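A.B. asks: just to be clear, the model below is a prediction. Sequence and coordinates:
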Amino acid sequence: MINDFEYFAPKTLKEALALLDKYQDDCKVICGGQSLLVLMRQGLVAPPYMIDIKGIAELSYIKDDKDGLKIGATTTHRAIEKSPVVKKKYPVLAKMETRLASIQTRNWGTIGGNVCHGDPAGDPLPVLIALGATLTMTGSKGKRSMPAENFCLDYFETALEPGELLTEIALPVVPPNTGTAYTKFNVIESDLATVGVAVSVTLGAGDSCQDIRIALGASAPTPIRPKKAEAILKGKKITDALLAQAGETASTEADPISDIYASEEYRRELIKVLVPRLTREAMANAKKA
Amino acid sequence: MKKELKLKVNGQPYELYIKPKTLLVQVLRDHVGLTGTKRGCNDSSCGACTIMLNGMAVKSCSILALQANGCEVVTVEGLAKGNKLSPLQRAFLDHGSYQCGFCTPGMLMSSTALLAENPKPTKEEIKEGIDGNICRCTGYNSIIRAVTAVVKGEYKEAK
C-alpha cells in the first residue's frame, strides 16, 4: 500500500532544484520509478513529497565528444542499449543493459535512477566503475563531480546530499588496447546479480597488463574495486597462476551477504571464478580493440 | 490532493482526477474500466500488466499514472479493430498460446511491441521479447510458435 504524497512534475532542471531545495529530506525524487515504486509499495519508503524528473527533457541525452561519452541521468536503459555510439565505442555498456531486468523495465527505467537507488546488486555501477566513469551532481549552488566508485556509501546510501540531483554520467575515451567485460551470475536471466563482475584491461608491450580496473557487484554493501587483486595483475604478464591468485584475493576483499539467492561462501566462490574469467574476456576484447 | 490526468487509451481521450499515488494499472482497470490488463505480482516481476505507452511496452504496475500524463496508452482491448482480431491475437488462438489465460494480455502486448520494433525477429529475439512476462502454466513454446507464425506472414492484418 502506497502512502499518499504530494506530486510535482517539474519540466526543467531549475524548477526541480528549487523544489528539492524547498522539501529537502521530506521529498523523494522519482524518475522511471522501477526500483523506487517497489520499495514504496512495501512501505519501506513513504515520502510526503515526490518530485518526478522523468519529464525533464534536458537531462535525457547521449553525447559523444572528444572527451568521451556523456549520458544524461534520465536517459532510459533502452536508449543506451540501442544507441549506435554506445554499441560501437562502449559495447560492454550496451551488453550490460540487455541483461538488466526486462524490456518493459528498460523502456521506462533510467540509468540515473538505477545508480541513485544505490543497490549493490545493480548492473550499471560495476560497468561504470570499470570504465572509469565520473558522476556529476547538481544542486542549486552548483555542480560537483566524483568517480563512480565513490558514489555509493553504504547499502542503498549514496553521496547525494539533500537538494542535489545526479545529472550526468561521463565516460572517458577508452584508451587504446583496452577491453572491458561484464557478467553477472544469476538464476533467472533478468534477475539482479547474485554476483556481478566487470573488468577493464589495458594491454601494454608484449600483452602485459598495463592497467586494470575490477569492479564487483552484489559482493559488499556497495559496488567495490578489489584493489589488492588489481595490484597482483597490474604491470605483469598475465598467467593462469596470477589470475587464480587475483580471484582468490578479490574474494577475500569482498564482504558479501548470505540471502535467499546465495550464501556468503557461495558468493566468494563466484568471485574467485568470475574475476579470472572476466579478466580473460577483457584481455581478449583488448586484443580485438 | 487529487490531480488531473489527461491521457488517451486505445485512441479515446480521458480526463481523470486521481490521487498521485495511483498506479497506471489501477487507472486502466478501476477508472477507465478496461480490465484486460491484469494485475499479477504487482511488483514488476510478472509482466501481466504490460501495456504500450507511446509505443513502448512497459509494466503498468510500476508507473505512477500521472507519469503517463499526455501519453497514448494501448491496452489489449486496443489490439483488435472492431471485432477483427489482430494477427497476433488470431495466431495465439490458433496455437493455443494460453492455458489459464492470465498472462495472455501481457504476452500479446510484449509481442506486439516486439513486432512493431522488429518485424522479423529470430526465435532468440522472440524469447528476449517476452522475457519480462511470466506464464505460470509454462506455456511458452506455444506462444513462441504463435509469434513465429505471424513473423512468417501466416496471419495478415484484418481489412
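C.D. replies: Right, received. Where do you want to start?
A.B. asks: tell me where chain B has strands.
C.D. replies: Along chain B, counting by DSSP state E, strands occupy B:3-9, B:12-18, B:50-53, B:56-59, B:72-74.
A.B. asks: nearest to B:Leu108, out of these?
C.D. replies: strand B:50-53 (8.5 Å; Cβ to Cβ). From N, CA and C alone the C-beta is placed, and that goes for glycine too.
A.B. asks: so for that closest one, mean pLDDT?
C.D. replies: Averaged across strand B:50-53, the pLDDT comes to 98.
A.B. asks: export the strands of chain B to TSV and append columns for distance to chain A and mean neighbour count.
C.D. replies: Formatted as TSV, the strands of chain B follow (distance: least, Cβ to the nearest Cβ, whole Å; neighbours: other Cβ atoms under 10 Å in any protein chain shown):
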stretch	distance to chain A	mean neighbour count
strand B:3-9	6	18
strand B:12-18	10	12
strand B:50-53	6	28
strand B:56-59	4	30
strand B:72-74	13	21
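A.B. asks: of the ones you listed, which is nearest A:Lys87?
C.D. replies: Shortest distance between A:Lys87 and those, using Cβ to Cβ, is found for strand B:56-59: 19.3 Å.
A.B. asks: and the residue of chain B that's closest to chain A?
C.D. replies: B:Gly132 (2.4 Å; Cβ to the nearest Cβ).
A.B. asks: nearest the geometric middle of the chain, what residue?
C.D. replies: Picked chain A for this. A:Leu125 (1.3 Å; Cα atoms, centre = their mean).
A.B. asks: nope, chain B please
C.D. replies: In chain B, the residue lying closest to the centroid (Cα atoms, centre = their mean) is B:Met109, at 2.8 Å.
A.B. asks: for chain A, what are the nearby residues on chain B?
C.D. replies: B:1, B:3, B:19-21, B:23, B:42-44, B:47, B:50, B:53, B:56-59, B:62-64, B:66-67, B:69, B:110, B:113-114, B:128-129, B:131-133 (Cβ under 8 Å from any Cβ of the partner chain).
A.B. asks: which of those residues count as buried?
C.D. replies: B:3, B:20-21, B:23, B:42, B:44, B:47, B:50, B:53, B:56-59, B:62-64, B:66-67, B:110, B:113-114, B:128-129, B:131-133 (16 or more other Cβ atoms under 10 Å in any protein chain shown).
A.B. asks: isn't B:Met1 right up against A:Glu6?
C.D. replies: Yes. Under the criterion of Cβ atoms under 8 Å, B:Met1 makes contact with A:Glu6 at 6.6 Å.
A.B. asks: so what are the domain limits for the chain?
C.D. replies: You didn't pick a chain, so chain A it is. With domains defined by automatic domain parsing, chain A comprises A:6-52, A:59-172, A:178-288.
A.B. asks: chain B was what I was after
C.D. replies: Split into domains by automatic domain parsing, chain B comes to B:3-78, B:87-151.
A.B. asks: redo those domains as CSV? Include distance to A:Gln42.
C.D. replies: Converted to CSV, the domains of chain B look like this (distance: least, Cβ to Cβ, whole Å):
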stretch, distance to A:Gln42
domain B:3-78, 8
domain B:87-151, 20
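A.B. asks: residues in contact with A:Gly33?
C.D. replies: Listed by Cβ atoms under 8 Å, 6 or more residues apart in numbering or on different chains, the contact set of A:Gly33 reads A:Lys54, A:Trp108, A:Gly109, A:Gly113, B:Ser62, B:Ile63, B:Leu64, B:Gln67.
A.B. asks: got the phi and psi for the closest residue to the last one other than its chain neighbours?
C.D. replies: By the measure of Cβ to Cβ, 6 or more residues apart in numbering or on different chains, the closest residue to B:Gln67 outside its immediate chain neighbours is A:Lys54, 5.6 Å from it. The phi and psi torsions at A:Lys54 (degrees, to the nearest 10) take the values phi -60, psi -30.
A.B. asks: tell me the helices and strands packed up against the helix or strand containing A:Ala79.
C.D. replies: Taking DSSP states H and E as the definition, A:Ala79 sits inside helix A:77-82. Secondary-structure packing of helix A:77-82 (3 or more Cβ pairs under 8 Å, 6 or more residues apart in numbering or on different chains; DSSP states H and E): helix A:91-98, helix A:103-108, helix A:111-117.
A.B. asks: again, only using 10 Å
C.D. replies: Applying 3 or more Cβ pairs under 10 Å, 6 or more residues apart in numbering or on different chains; DSSP states H and E, one finds that helix A:77-82 contacts strand A:62-65, strand A:68-72, helix A:84-89, helix A:91-98, helix A:103-108, helix A:111-117.
A.B. asks: show the pLDDT at the residue nearest to the centre of chain A.
C.D. replies: A:Leu125 is given a pLDDT of 98.
A.B. asks: need the contact list for the nearest residue to it once chain neighbours are set aside.
C.D. replies: Spatial nearest neighbour of A:Leu125, chain neighbours left out: A:Pro223 (4.4 Å); criterion: Cβ to Cβ, 6+ apart. Contact analysis of A:Pro223 by Cβ atoms under 10 Å, 6 or more residues apart in numbering or on different chains lists A:115, A:118-122, A:124-130, A:148-149, A:151-152, A:196, A:198, A:215-217.
A.B. asks: could you give me the buried positions within the helix ranked longest in chain B?
C.D. replies: Ranked by number of residues, the top helix in chain B under DSSP state H is helix B:104-117. For helix B:104-117, a neighbour-count test (16+ other Cβ under 10 Å) marks B:Thr104, B:Pro105, B:Gly106, B:Met107, B:Leu108, B:Met109, B:Ser110, B:Ser111, B:Thr112, B:Ala113, B:Leu114, B:Leu115 as buried.
A.B. asks: reformat those as a markdown table; add pLDDT.
C.D. replies: Below are these laid out as a markdown table (pLDDT from 0 to 100):
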| residue | pLDDT |
| --- | --- |
| B:Thr104 | 97 |
| B:Pro105 | 98 |
| B:Gly106 | 98 |
| B:Met107 | 98 |
| B:Leu108 | 98 |
| B:Met109 | 98 |
| B:Ser110 | 98 |
| B:Ser111 | 98 |
| B:Thr112 | 98 |
| B:Ala113 | 98 |
| B:Leu114 | 98 |
| B:Leu115 | 98 |
